[in-house]
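Q: Here is my input, please return the structure:
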Amino acid sequence: QVQLVESGGGLVQAGGSLRLSCAASGRTFSSYAMGWFRQAPEKEREFVAVINRSGGITYYADSVKGRFTISRDNAKNTVYLQMNSLKPEDTAVYSCAASETTTVVQVTYRYWGQGTQVTVSS
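A: Model (predicted):
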(Lines give C-alpha, C1' and ligand atoms only; values in the text may rest on other atoms or scores of the structure.)
Protein backbone atom coordinates (compact mmCIF):
# COMPACT_ATOMS: atom_id res chain seq x y z
CA GLN A 1 0.00 0.00 0.00
CA VAL A 2 1.27 3.43 -0.96
CA GLN A 3 -0.37 6.68 0.07
CA LEU A 4 0.36 9.79 -1.94
CA VAL A 5 -0.14 13.39 -0.86
CA GLU A 6 0.39 16.30 -3.24
CA SER A 7 1.24 19.86 -2.30
CA GLY A 8 2.48 23.05 -3.88
CA GLY A 9 -0.49 24.04 -5.99
CA GLY A 10 -1.87 27.55 -6.08
CA LEU A 11 -2.64 30.61 -8.14
CA VAL A 12 0.06 32.01 -10.40
CA GLN A 13 0.17 34.47 -13.28
CA ALA A 14 0.93 33.33 -16.79
CA GLY A 15 4.66 32.98 -17.27
CA GLY A 16 5.21 32.12 -13.64
CA SER A 17 6.43 28.95 -11.97
CA LEU A 18 5.25 26.45 -9.42
CA ARG A 19 6.81 23.35 -7.92
CA LEU A 20 4.53 20.50 -7.00
CA SER A 21 5.55 17.83 -4.52
CA CYS A 22 4.12 14.37 -3.96
CA ALA A 23 5.07 12.66 -0.73
CA ALA A 24 4.67 8.91 -0.51
CA SER A 25 4.25 6.73 2.54
CA GLY A 26 5.77 3.31 2.88
CA ARG A 27 9.18 1.82 2.23
CA THR A 28 8.53 0.76 -1.34
CA PHE A 29 8.53 4.17 -3.03
CA SER A 30 11.64 3.34 -5.07
CA SER A 31 9.86 0.26 -6.44
CA TYR A 32 7.43 2.39 -8.42
CA ALA A 33 7.58 4.61 -11.43
CA MET A 34 5.84 7.87 -10.65
CA GLY A 35 3.62 9.89 -12.90
CA TRP A 36 1.88 13.24 -12.88
CA PHE A 37 -1.53 13.67 -14.46
CA ARG A 38 -3.91 16.59 -14.68
CA GLN A 39 -7.59 17.18 -15.17
CA ALA A 40 -9.00 20.48 -16.30
CA PRO A 41 -12.67 21.37 -15.80
CA GLU A 42 -14.95 19.41 -18.12
CA LYS A 43 -12.01 17.56 -19.64
CA GLU A 44 -10.62 14.06 -19.34
CA ARG A 45 -7.64 13.45 -17.11
CA GLU A 46 -4.45 13.51 -19.15
CA PHE A 47 -0.86 12.37 -18.78
CA VAL A 48 1.73 15.03 -17.96
CA ALA A 49 5.02 13.32 -17.08
CA VAL A 50 6.52 10.09 -15.78
CA ILE A 51 9.80 9.14 -14.16
CA ASN A 52 11.18 5.65 -13.74
CA ARG A 53 12.18 4.04 -10.45
CA SER A 54 15.74 5.29 -10.37
CA GLY A 55 14.99 8.70 -11.85
CA GLY A 56 17.14 8.11 -14.89
CA ILE A 57 14.33 8.04 -17.43
CA THR A 58 11.66 10.67 -17.90
CA TYR A 59 8.95 11.26 -20.47
CA TYR A 60 6.64 14.21 -21.04
CA ALA A 61 3.48 15.10 -22.82
CA ASP A 62 4.16 17.30 -25.83
CA SER A 63 2.13 20.10 -24.28
CA VAL A 64 4.55 20.49 -21.36
CA LYS A 65 7.85 19.40 -22.89
CA GLY A 66 10.54 21.99 -22.33
CA ARG A 67 8.53 23.76 -19.60
CA PHE A 68 7.97 21.07 -16.95
CA THR A 69 10.54 18.87 -15.23
CA ILE A 70 9.79 15.76 -13.22
CA SER A 71 12.27 14.54 -10.64
CA ARG A 72 12.35 12.32 -7.58
CA ASP A 73 14.23 11.89 -4.34
CA ASN A 74 13.94 8.27 -3.23
CA ALA A 75 15.59 9.05 0.11
CA LYS A 76 12.73 11.44 0.83
CA ASN A 77 10.00 9.35 -0.82
CA THR A 78 9.04 12.36 -2.88
CA VAL A 79 8.46 13.15 -6.53
CA TYR A 80 8.42 16.70 -7.86
CA LEU A 81 7.02 18.55 -10.83
CA GLN A 82 8.73 21.84 -11.59
CA MET A 83 6.47 23.89 -13.81
CA ASN A 84 7.87 26.92 -15.60
CA SER A 85 6.44 29.32 -18.18
CA LEU A 86 2.95 28.44 -17.06
CA LYS A 87 0.03 29.11 -19.34
CA PRO A 88 -3.68 29.52 -18.59
CA GLU A 89 -4.28 26.19 -20.34
CA ASP A 90 -2.17 24.51 -17.64
CA THR A 91 -4.96 25.20 -15.15
CA ALA A 92 -6.07 21.87 -13.72
CA VAL A 93 -6.04 19.57 -10.73
CA TYR A 94 -2.67 17.84 -10.74
CA SER A 95 -2.36 14.35 -9.30
CA CYS A 96 0.57 12.06 -8.78
CA ALA A 97 0.34 8.31 -9.18
CA ALA A 98 2.46 5.19 -8.73
CA SER A 99 2.87 2.39 -11.24
CA GLU A 100 4.93 -0.78 -11.41
CA THR A 101 5.91 0.14 -14.95
CA THR A 102 7.13 3.34 -16.56
CA THR A 103 4.12 4.18 -18.66
CA VAL A 104 1.76 6.91 -19.82
CA VAL A 105 -1.26 4.59 -19.54
CA GLN A 106 -3.44 5.68 -16.64
CA VAL A 107 -5.04 2.33 -15.94
CA THR A 108 -1.66 0.86 -15.03
CA TYR A 109 -1.26 3.27 -12.13
CA ARG A 110 -2.27 1.53 -8.93
CA TYR A 111 -2.06 4.34 -6.40
CA TRP A 112 -3.27 7.91 -6.73
CA GLY A 113 -3.12 11.07 -4.68
CA GLN A 114 -6.06 13.39 -4.11
CA GLY A 115 -4.66 16.13 -6.29
CA THR A 116 -3.68 19.76 -5.92
CA GLN A 117 -5.23 22.69 -7.79
CA VAL A 118 -3.10 24.78 -10.11
CA THR A 119 -4.66 27.93 -11.50
CA VAL A 120 -2.86 30.10 -14.03
CA SER A 121 -4.30 33.55 -14.63
CA SER A 122 -3.84 35.44 -17.87
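Q: Count the residues that sit near the residue lying closest to residue 60 once chain neighbours are set aside.
A: Spatial nearest neighbour of residue 60, excluding adjacent residues (CB to CB, 6 or more residues apart in numbering): residue 49 at 4.8 Å. Yep, even glycine has a C-beta here, placed from its N, CA and C like the rest. By the criterion of other CB atoms under 10 Å, residue 49 has 24 neighbours.
Q: what pLDDT does residue 1 get?
A: If you check residue 1, the pLDDT there is 84.
Q: Oops, could you answer that again for residue 14 instead?
A: So, for residue 14, pLDDT stands at 98.
Q: Over to it: give its phi and psi.
A: Phi and psi for residue 14, reported as degrees, to the nearest 10, are phi -50, psi 140.
Q: State the distance from it to residue 107.
A: 33 Å (CB to CB, to the nearest Å).
Q: Those two: which has the busier surroundings?
A: residue 14 (13 against 7).
Q: what's that one in contact with, if anything?
A: Contacts for residue 14 (CB atoms under 8 Å, 6 or more residues apart in numbering) come out as 86, 87, 88, 120, 121, 122.
Q: Which parts of the chain are helices?
A: In the chain, no helices are defined using DSSP state H.
Q: circling back to that earlier point, how near is the residue nearest to residue 60 to residue 13?
A: According to CB to CB, residue 49 and residue 13 sit 22 Å apart.
Q: what's the distance between residue 114 and residue 65?
A: Distance, residue 114 to residue 65, by CB to CB: 26 Å.
Q: Ok, residue 76 next?
A: 26 Å.
Q: can you check residue 11 too?
A: 24 Å.
Q: Ok, residue 120 next?
A: Look at residue 120 and residue 65: by CB to CB, they are 17 Å apart.
Q: more crowded one of these two?
A: Here residue 120 and residue 65 are compared on neighbour count by other CB under 10 Å; more neighbours surround residue 120, at 20 against 10.
Q: per-residue pLDDT, that one?
A: pLDDT, residue 120: 98.
Q: Thank you, goodbye.
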